[in-house]
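Visitor: Take this sequence and fold it.
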Amino acid sequence: MAIAILTHKPMSYFSMRLLEEANKQGIPCKIVDFKDTAVLIENGKTLLRAFDNNVRSVLSRPKTTSSPIMLYAMFLTRILEEEGFYVLNSFQGYFNTLDKTITYRNLSLNNLPIPDSIISPSRKMLAEMNLPFFLKPTYGSRGRGVRLIEDSKELCFAGGSMVWIAQSCAKEDNWDLRVLVLGGCVIAVMKRTSEKPVTNISQGGVGSSFEASEEIKELAIKASTFLKCDFAGVDISLKGDKAFILDVNSQPDFKGVEENLKINIARELIRYVYYEASKS
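Guide: Got it, this is the predicted structure:
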């Protein structure tokens, strides 16, 4: 049985590390670019091109930039599931985290703590949030487009065709946590610290180890479970004695965790996917 890494970035750190670990463990594995796939519908049957017959599990990384190929990649993930493949993450998991409006709504419905938020394309509505607050796009990752608003005049760019989230500052200083959850278990907790309001490693944040409480771990596990993500990066902040979920990423990068915490996340992922596929 083989594993396919389905991605729009074949040479990314994520893809190459997974391939490296699969080779070390003797598990057949290949990288498949979304652009090299095809769905054939003939005589009422669906055929998938670019997948070997022995591939039964897929690590899928749909494109995160809004585009027709992103939608194709999302629905290809669903077709793979319908055809009996084990896919990490599932289509439902990706859908639940595609837009932060959906994510926050689902978290709220399950009584999980998120910072007070206003989601709107209206600058006037966003300005109702008490200053200072974070402004972030509903769609995106890696901290792109996130900024701290300390004066309502800084909202001059908001509005138009974009939808934004005005979110209360629910964190102590400029640090928060990235918690990686796999199969209902926490496999890594990294503290992200920055001199800037945005703490993402890709935005210059610095990662370090952190001894998380059972409460924080349970919060991350619940978030990934309710959003139906077998693998997730859950961002959690602390303010006083309260913890808040800032975001849930169904396609978390793990370069920062591997380099800063020396935890072999790629090995954990390959083993998990191979085991889950073996059960079906």
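
Visitor: where does residue 76 fall, helix, sheet strand or coil?
Guide: helix (DSSP: H, G, I helix; E, B strand; the rest coil).

Visitor: Give me the pLDDT for it.
Guide: pLDDT recorded at residue 76 is 91.

Visitor: now do the one 5 residues further on
Guide: You'll see residue 81 listed with a pLDDT of 93.

Visitor: ok, now residue 114?
Guide: Residue 114 is given a pLDDT of 97.

Visitor: just checking, what packs against the strand or helix carrying residue 256?
Guide: Residue 256 belongs to helix 255-261 when assigned by DSSP states H and E. In terms of contacts (3 or more CB pairs under 8 Å, 6 or more residues apart in numbering; DSSP states H and E), helix 255-261 is packed against helix 13-24, strand 175-182, strand 185-193, strand 206-209, helix 265-279. (Glycine included, C-beta is placed from N, CA and C.)

Visitor: Any buried residues in it, and which?
Guide: 255, 256, 257, 258, 260, 261 (16 or more other CB atoms under 10 Å).

Visitor: Using a markdown table, lay out the residues you listed together with pLDDT and distance to residue 19.
Guide: Output for the buried residues of helix 255-261, formatted as a markdown table (pLDDT from 0 to 100; distance: CB to CB, whole Å):
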| residue | pLDDT | distance to residue 19 |
| --- | --- | --- |
| 255 | 94 | 15 |
| 256 | 93 | 19 |
| 257 | 96 | 18 |
| 258 | 97 | 15 |
| 260 | 94 | 22 |
| 261 | 96 | 21 |
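
Visitor: Between those, which sits nearest residue 184?
Guide: Here the nearest of those to residue 184, counting by CB to CB, is residue 257; it sits at 18.2 Å.

Visitor: from the chain's centre, how far out does the helix holding residue 256 sit?
Guide: Remark: helix 255-261 is offset 16 Å from the chain centroid, using CA atoms, centre = their mean, to the nearest Å.

Visitor: what do you get for stretch 175-185?
Guide: Chain-centre distance of stretch 175-185: 11 Å, with CA atoms, centre = their mean.

Visitor: low-confidence ranges in the stretch 101-250 of the chain?
Guide: Filtered on pLDDT under 70, the stretch 101-250 of the chain yields the residue ranges 141-143, 157-160.

Visitor: List the buried residues in stretch 116-128.
Guide: Within stretch 116-128, the residues that count as buried by 16+ other CB under 10 Å are 117, 118, 119, 120, 123, 126, 127.

Visitor: Endpoint to endpoint, that stretch covers what distance?
Guide: End-to-end distance of stretch 116-128 (CA to CA, to the nearest Å): 12 Å.

Visitor: okay, now residue 144: neighbour count?
Guide: When neighbours are defined as other CB atoms under 10 Å, residue 144 has 14 of them.

Visitor: And for residue 176?
Guide: 25.

Visitor: before we move on, the earlier item: put the alpha carbons of the helix holding residue 256 into CSV.
Guide: Backbone C-alpha positions of helix 255-261 (Å, rounded to 0.1, in the frame of the first residue of the first chain) are rendered in CSV as follows:
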residue,chain,number,x,y,z
LYS,A,255,8.9,23.5,9.7
GLY,A,256,9.0,25.8,12.7
VAL,A,257,8.0,23.0,15.1
GLU,A,258,10.6,20.6,13.7
GLU,A,259,13.4,23.1,13.7
ASN,A,260,12.6,24.8,17.1
LEU,A,261,11.3,21.8,19.1
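
Visitor: picking that back up, can you lay out the buried residues of helix 255-261 as TSV showing distance to residue 89?
Guide: Formatted as TSV, the buried residues of helix 255-261 follow (distance: CB to CB, whole Å):
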residue	distance to residue 89
255	19
256	20
257	17
258	19
260	24
261	22
